[in-house]
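> sharing a model that was predicted from the sequence below.
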Amino acid sequence: MAFFVDKDSIVRKIWGKGDTILFIFAGASAEFALNKAVDWLYFTGRLPSDPLGRLFSTVSYARQIVFSDYDKALYAIDKITAIHKSVEEDRGAEIPDWAYRDVLFMLIDYSIRSFEVLERRLTVNEKADVFDVFNRVGLRMRIKGLPDTYHDWLIMREDHLQQNLICSKFTSDLYQQYRKHLGWPRYLLLKQAQVMVVPERVNSLLFLGKIPLLTPVLGLYKFSRLLKLDWLLKDAILPKEYKAQIKDLDVRA
């Protein structure tokens, strides 16, 4: 059976662990708040009204692409495309190509960054593998102006970070929504996770700080995984209404 993502791909290891996915979400939630096209997320209302629900929706589609056979993966990608086209029709405007690329670039970058924070450094070939998988998603979605190679992506990614991010009223509102839905203690944990994974440009615009205070906790968490007790820490810090869904993130690990 043919798969969209090879069974030995590093992408399966990255997207097969719940803690890695949560760090990907942490980084993306910071950058989404700064993106100049974030008004599109406010048009649908899904991100500000239910940030965690948006996370699980995104994870669901990503998992279908990463772990399903080739045809089912293409079906999931085409469904994502159709959803975006429907939103464009409702609004009477087109989402800019650079905004599509930004989201794709976030998935690539935070997949790499999150795995390296929690596991180990990736090789250049493994990073190129991550790029290749999500770039093929973008090609299937017919996103224009995608880079041809991982090296080209590095250049474009930096350019997008410099050109497409801004602190706006949406930034402040989204962070208020994060705090509202997570509660103060978990909100602080989110921001500390962001310190550990976001690029310098994102950090400087959000004034997240330079010292990752979560580092000692992360060390304890890694040790607890060795003892198979990491569920105790997750149970203590995750919202009760989402615990079952968060536990399911590890099903494919």
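Yep, it's here. No experiment lies behind these values; they were computed from the predicted model shown.
> what helix or strand is the closest residue to Val38 other than its chain neighbours located in?
Of all residues beyond its chain neighbours, the one nearest Val38 is Phe170 (4.7 Å), with distances taken as C-beta to C-beta, 6 or more residues apart in numbering. Every C-beta, even on glycine, is put in place using the N, C-alpha and C of the backbone. Secondary-structure element containing Phe170, defined by DSSP states H and E: helix 169-182.
> show me the shaky parts of the chain.
Segments of the chain classed as low confidence (criterion: pLDDT under 70) are 46-47, 217, 220-249, 251-253.
> what angle sits between the host helix or strand of Ala193 and helix 169-182?
Taking DSSP H and E as the criterion, the element that holds Ala193 is helix 184-197. Helix 184-197 and helix 169-182 meet at an angle of 130 degrees, taking axes from the mean of the first three to the mean of the last three C-alpha atoms, to 10 degrees as the criterion.
> against which helices or strands is the helix or strand following helix 184-197 packed?
Using DSSP H and E, the helix or strand that directly follows helix 184-197 along the chain is helix 200-206. In this structure, helix 200-206 packs against helix 18-34, helix 150-163, helix 184-197, with contacts taken as 3 or more C-beta pairs under 8 Å, 6 or more residues apart in numbering; DSSP states H and E.
> which of the ones you listed sits closest to Thr215?
With C-beta to C-beta as the measure, helix 184-197 is the member of these nearest Thr215 (7.5 Å).
> for the closest one, buried residues please.
Residues Tyr187, Leu189, Leu190, Lys191, Gln192, Ala193, Gln194, Val195, Met196, Val197 are the ones in helix 184-197 that count as buried (16 or more other C-beta atoms under 10 Å).
> still on that earlier bit, ok, the residue nearest to Val38 touching Ala37?
No: between Phe170 and Ala37 no contact is recorded; they are 9.9 Å apart, counting by C-beta atoms under 8 Å.
> neighbour count winner among the two?
Phe170 (21 against 16; other C-beta atoms under 10 Å).
> ok, the closest residue to Asp97 other than its chain neighbours - how many residues close by?
With C-beta to C-beta, 6+ apart as the criterion, Asp97 has its nearest non-adjacent residue at 4.5 Å, and that residue is Lys144. In terms of burial, Lys144 registers 10 neighbours under the definition other C-beta under 10 Å.
> chain neighbours aside, what residue packs nearest to Ser114?
Ser114 sits nearest to Phe23 (C-beta to C-beta, 6+ apart), 3.6 Å away.
> and that neighbour, how far from Ile166?
24 Å (C-beta to C-beta, to the nearest Å).
> swap in Thr123?
When distance is defined by C-beta to C-beta, Thr123 is 34 Å away from Ile166.
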